[in-house]
Structure formats: C-alpha cells, structure tokens
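**Student:** quick one: sequence plus predicted model below, questions after.
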Amino acid sequence: MATKPSANGPKPAWLDDKTKSIMDRAIAREKSLSHLLMMYIMTGLIFMLLPGTFLGVWNLIKISSREAAESISPAWIQAHGHAQLFGWVGTFILGIGFYSIPKLRKLKPFALWSAWLTWALWVIGATVRWFSNIYPWHWRLALPMSATLELAAFLIFFQAVASHRPSSDSAKPVEPWIFVVIAATLGLLASLLLNLGASFQLALNAGSPAFPHLFDQRYLIVSTWGFIVPMVWGFSARWLPVFMGLRPLRNSILLVALGLNTVGVVLGFLEYFVAAGILLMAGAATAVAAIRFFELAVKPAKTVNVHRSFPVFIRIAYGWLLIAAGLGIWAAFAGGAPGIWGASRHALTVGFIAAMIFCVGQRILPSFCGMRVLWSSKLMLVMLILLMTGCTLRVASEILAYQDYEQWAWNVLPISAVIELTAVTLFAVNLIVTFVRRSVAVTSPLTMMTE
Ligand code: HEM
C-alpha cells in the first residue's frame, strides 16, 4: 500500500525526481514559515508578559493603593495598552496572517525576507513606543518614529498577503470570512494612521507623549472594535464551525454583523458614544447568531491535543464580548465614568480577546509551528479558569471601586491582577515548552487542523 507523504519520513520510492524536488521545496518552505511564525509568537509573548501585563499589574496595584483611578500617568497606562494591543495581539495577528492567509486564499508564495523585515520594523516600532511613553527621553523624535516604523511594517505585510489570486481561482467568489478579515485589516490600517497623525501632532505641539483622554478613547474604539474584534470574528468564522462541530455558518448574517460593527466604530470615533454602543452590541449579537455558537452542535468538537473544555471557553469568551458591549452602552449613558469604561474595556480585552487567543492559539499554533502538540492540556484548563476568574473579579470590582460604590472592592483589584498575571504566564509557559520540545506529529498541519 502506498504510504502517505509526510514532512518527517522518507519519500516513497515510486515518486519521480521532479515530484521529489517539488516536495522538498514545499517542505523547506513550510519549515521556514514555521520558524517565522514561532519568532512572531515568541516576540508577542514577550510583549504580553513584560511591557504589557506586568506593567498593567503594576499600574493597577498603584491605582488600588492610592484608591484613585487617575492617580497614575496616562502615558504609563497607554504604554501598557499599546504593548498589549499592538506588541502582543498585533504581532500574533501579523505572524498568523503571514503563515495562513496566503495558504487559505491560495495566493502565490510571498518572499520570506518581507516577513522578516515586517517583524524587525514592527518590533522596533512597538518597543520604541513603549520606552518613549515610560521614559520620555527624546520622545518628540521617538514617538513619531515608532508610529512610522509600525505603519511601514504593516504596509509590507499588506502587500504580501493582499496580492491577487491566480486567475484560475480569482473567478471563485470571495468567502465572507475573508471580507471580515479584510475589514479588520483596514481597521488596523486606520489605527496605525491615527497613531501616526496623533504622534506627529503631540511631538510638534504637546508637552507629554500621552494622547489626550478624549482622543485616546476614540482611538481605542478603532483599535479594539475596529481591528481586533472583526479579526477574531473572521478567523472564528473560518475555523470554529469545524473545531466546535457547529451548524453551518450564516454567511450573509456575518456580513450584516460586520456592517453594524463598522458603523458603530465610525460613530464611536465621531463621539456618538451611545449610538455607537448600541450598534456595537447589535453587531456582536448578530456575529454570535451568524457563527451559531449557542445553538446545539451537530458534530462532536475536534479537541484532539487541547483540553476538551475548549468549546465551553469559546462560548464564555463570546459571552464576555456581549458583556463588554453592554457595559459600553452603560458607560456611554453614564458619561465620564472611568470604572465602567475600564470594565467594558477589560471585559473585551481580557474576557474576549485574550480568552480567544488562549483557546484558539493553543489549538492551532502548535501544529502551525512545526507540527507540534500542545505540552499540557491540563495547564490550558487551569490557565483558562484563572483567566476567567481574574477577569470576573476585575470587571466587577473596577466598577464598584472606581465608581465609589463599594470601598472593599479596592482590595479585590490587586488580587484580580495577580490571578490574571498567573494565567497569562501559564499560557506563555505552555506555548514556550511546546515550541522547545521536538515535533512529534507526522501528519501535515492541515490534517492536524481538522482532527
Ligand atoms: C493582568 C491583566 C491586566 C491588568 C492588570 C491591566 C491593567 C490595566 C490598567 C490598570 C489600566 C488603566 C485603566 C483602567 O484602570 O481601566 C489598563 C488599561 C488598558 N488595558 Fe489593561 N490590564 C490587563 C490586561 C490587558 C489586556 C490583556 C489587554 C489587551 C489585550 C489590555 C489592554 C488595555 C488597554 C487598551 C487599556 C487602555 C489604555 C489607554 O487608556 O490608552 N489590558 N489596563
């Protein structure tokens, strides 16, 4: 019986030399792409741990000890936010985009050097941004320089993954999940352009590297709801119906969700916060209905190599998305309510975005990064329980403490921060050990994806 060609094993004798050489080149390219992706993921993990989460915990402990939300420098808060959204999540998305989008869209292979150049420019840009917010040494130069480097990195990425499909495939209709990913990519472009404009504006006219509060709030709507949220929806629509055994995707409803979300983001940026909140909620509820998370699954979930609770946590994460949108509406009605805005933001960033990356990341990254198997699925469960516990404590106590509803809630905030920090660290440990161990699988990444 003919053996199935594998990346690790010898090629069967019946293959001719031309086929063998094509296979060798394909395997070499797959290995290079895996190394590239691993580099992006490791870099993202470093941003997540130190400039991102550690600084966030530090900020929260200081806020709690002084019992005043506005008691720390806005530049330090923004350093944390930028490191998480762009240093961590952005780096993951660029790496996964380089690895998967050309394959999923059957594009011609891009030149690998462009992905390495993107990595270098992006990492320098995000690092310089963090330092210019923390130590305002030559920040008038550093801030616009970091924004320029990030935009340049994005443009190289865009050029590589947005090229036209070969003519044989271009006649086929573009799948709706791709529209959602394209919209999210445009959201990233909009965020980077706003960041660039604001950085130059501050460098020329302001006395500190921190964005003014109102602009920051509008900018965050674009970079969270306009970029990361639709990106997660797009990849959810592509992978989760298979991974979770869901009913077939409602494609046209997904596009309606995207439309509602996009109008919500535009209105939010224009400071119509109530209307924006309602549209973002409507968009999120419509996306949930389109992907059919809360309907009975029709097939067993594919949880090989991850913890079998995977579908439960995906559903909880989408629950947090709806909670974040609901809190956003409350915050908009309440006006200047830092506790409710902050709770909405972290329901979104920790409850939804981080939880989705922790679930889907541990499902796909080991196989993408050299056909590995996740080190510990039990650790995955512990980490997700901790993340959800920390997030629940954080969101609830942020409203109670910052809004002066309950004094004792100030004491809960640092506990929530340490629980979230532990969860984030365990996620990093699980992935790093997975990458350091030798690959054990013999099937291809695509086969592993569908098991
Ligand atoms: C251990 C977990 C975390 C802690 C302790 C933490 C802490 C904080 C604190 C204290 C603030 C200041 C505003 C407020 O009090 O609400 C803040 C803001 C923010 N955080 Fe977090 N955070 C954590 C995780 C995350 C994650 C995972 C993300 C994104 C993926 C994130 C994104 C943001 C953003 C975007 C802001 C707003 C920054 C700005 O005002 O420009 N945080 N965080």
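**Tutor:** Yes, it's here.

**Student:** who's in contact with the closest residue to residue 71 other than its chain neighbours?
**Tutor:** With sequence-adjacent residues excluded and distances taken as CB to CB, 6 or more residues apart in numbering, residue 71 is closest to residue 63, at 6.1 Å. (Each C-beta comes from the backbone N, C-alpha and C, glycine too.) Residue 63 makes contact with 69, 71-72, 413, according to CB atoms under 8 Å, 6 or more residues apart in numbering.

**Student:** and the ligand, which of those contact it?
**Tutor:** The subset of the contacts of residue 63 within reach of the ligand, by CB under 6 Å from any ligand atom, is residue 69.

**Student:** and which of the contacts of residue 63 is nearest to residue 334?
**Tutor:** Nearest to residue 334 among the contacts of residue 63, counting by CB to CB, is residue 69 at 14.0 Å.

**Student:** state the pLDDT value of that closest one.
**Tutor:** Residue 69 carries a pLDDT score of 90 in this model.

**Student:** repeat that for residue 169.
**Tutor:** Looking at residue 169, the pLDDT reads 60.

**Student:** cool, and residue 280?
**Tutor:** 98.

**Student:** need the nearest residue in space to it, chain neighbours excluded.
**Tutor:** residue 264 (4.0 Å).

**Student:** where does residue 408 fall, phi/psi-wise?
**Tutor:** phi -60, psi -20 (degrees, to the nearest 10).

**Student:** quick check: residues of the stretch 1-150 of the chain near the ligand?
**Tutor:** So the stretch 1-150 of the chain meets the ligand at 53, 56-57, 59-60, 63, 69, 77-78, 80-81, 84-85, 89 (CB under 6 Å from any ligand atom).

**Student:** now do the stretch 351-451 of the chain
**Tutor:** 353-354, 417, 420-421.

**Student:** those in helices, which ones?
**Tutor:** In this view, these that belong to helices under DSSP state H are 417, 420-421.

**Student:** between these, identify the one with the most neighbours.
**Tutor:** residue 420 (25 neighbours; other CB atoms under 10 Å).

**Student:** quick one: residues contacting that residue.
**Tutor:** 53, 57, 350, 386-387, 390-391, 394.

**Student:** so where's the stretch 151-300 of the chain uncertain?
**Tutor:** Filtered on pLDDT under 70, the stretch 151-300 of the chain yields the residue ranges 164-171.

**Student:** show residues contacting stretch 313-331.
**Tutor:** 229, 236, 240, 244, 273-274, 276-278, 280-281, 284-285, 288, 293-294, 337, 340-341, 343-345, 347-348, 350-352, 355-356, 358-360, 384, 388, 391, 395, 399.

**Student:** try 6 Å
**Tutor:** 277, 280-281, 284, 288, 293, 337, 340-341, 343-344, 347-348, 351-352, 355-356, 359, 384 (CB atoms under 6 Å, 6 or more residues apart in numbering).

**Student:** pull out the buried residues from stretch 129-139.
**Tutor:** 129-134, 136, 139 (16 or more other CB atoms under 10 Å).

**Student:** centre of the chain to that stretch, how far?
**Tutor:** Taking CA atoms, centre = their mean, to the nearest Å, one finds the center of stretch 129-139 at 24 Å from the center of the full chain.

**Student:** then stretch 255-262?
**Tutor:** Distance, centroid of stretch 255-262 to centroid of chain: 19 Å (CA atoms, centre = their mean).

**Student:** now that stretch: buried residues?
**Tutor:** 255-258, 260-262.

**Student:** what does stretch 91-106 give?
**Tutor:** 91-102, 104-105.

**Student:** just the ones of these in strands?
**Tutor:** Using DSSP state E to define strands, no part of the buried residues of stretch 91-106 is located there.

**Student:** which one of those is nearest the ligand?
**Tutor:** Proximity of the buried residues of stretch 91-106 to the ligand (CB to the nearest ligand atom) peaks at residue 92, which lies at 10.3 Å.

**Student:** just give the closest residue to that closest one, not the sequence neighbours.
**Tutor:** residue 44 (4.5 Å).

**Student:** the one you found contacts residue 88, doesn't it?
**Tutor:** Yes - using CB atoms under 6 Å, residue 44 makes contact with residue 88 at a distance of 4.9 Å.

**Student:** which residue is the nearest non-sequential neighbour of residue 40?
**Tutor:** That would be residue 95: by CB to CB, 6+ apart, it lies 2.5 Å from residue 40.

**Student:** need the contact list for the one you found.
**Tutor:** Neighbouring residues of residue 95 by CB under 6 Å, 6+ apart: 37, 40-41.

**Student:** same list (those residues) but as CSV, adding pLDDT, neighbour count and secondary structure.
**Tutor:** Formatted as CSV, these follow (pLDDT from 0 to 100; neighbours: other CB atoms under 10 Å; DSSP: H, G, I helix; E, B strand; the rest coil):
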residue, pLDDT, neighbour count, secondary structure
37, 96, 23, helix
40, 98, 26, helix
41, 98, 23, helix
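
**Student:** is residue 248 in a helix, a strand, or coil?
**Tutor:** The three-state label given to residue 248 by DSSP: H, G, I helix; E, B strand; the rest coil is coil.

**Student:** residue 209: which element?
**Tutor:** Using DSSP states H and E, residue 209 sits within no helix or strand.

**Student:** what's the burial count for it?
**Tutor:** Counted with other CB under 10 Å, residue 209 comes out at 24.

**Student:** quick check: phi and psi at residue 249.
**Tutor:** Dihedral angles for residue 249 - degrees, to the nearest 10 - are phi -60, psi 140.

**Student:** ok, it touching residue 242?
**Tutor:** No - judged on CB under 6 Å, residue 249 makes no contact with residue 242 at a distance of 10.1 Å.

**Student:** just the contacts of residue 63 now: which is nearest the ligand?
**Tutor:** residue 69 (5.7 Å).

**Student:** so what's that closest one up against?
**Tutor:** 63, 338, 402.

**Student:** can you tell me the closest non-neighbouring residue to residue 195?
**Tutor:** residue 147 (4.9 Å).

**Student:** so which strand or helix has residue 196?
**Tutor:** Using DSSP H and E, the element containing residue 196 is helix 176-205.

**Student:** which elements pack onto that helix?
**Tutor:** When contacts are defined as 3 or more CB pairs under 6 Å, 6 or more residues apart in numbering; DSSP states H and E, helix 176-205 sits against helix 139-161, helix 229-244, helix 251-269.

**Student:** tell me which helix or strand the residue in the stretch 301-450 of the chain positioned nearest to the ligand sits in.
**Tutor:** Of all residues in the stretch 301-450 of the chain, residue 342 sits closest to the ligand, at 2.6 Å by CB to the nearest ligand atom. In this assignment (DSSP H and E), residue 342 forms part of helix 338-346.

**Student:** against residue 46, how distant is the residue nearest the centre of the chain?
**Tutor:** For the chain, residue 89 is the residue whose C-alpha lies nearest the centre (CA atoms, centre = their mean; 3.8 Å). For residue 89, the distance to residue 46 equals 13 Å [CB to CB, to the nearest Å].
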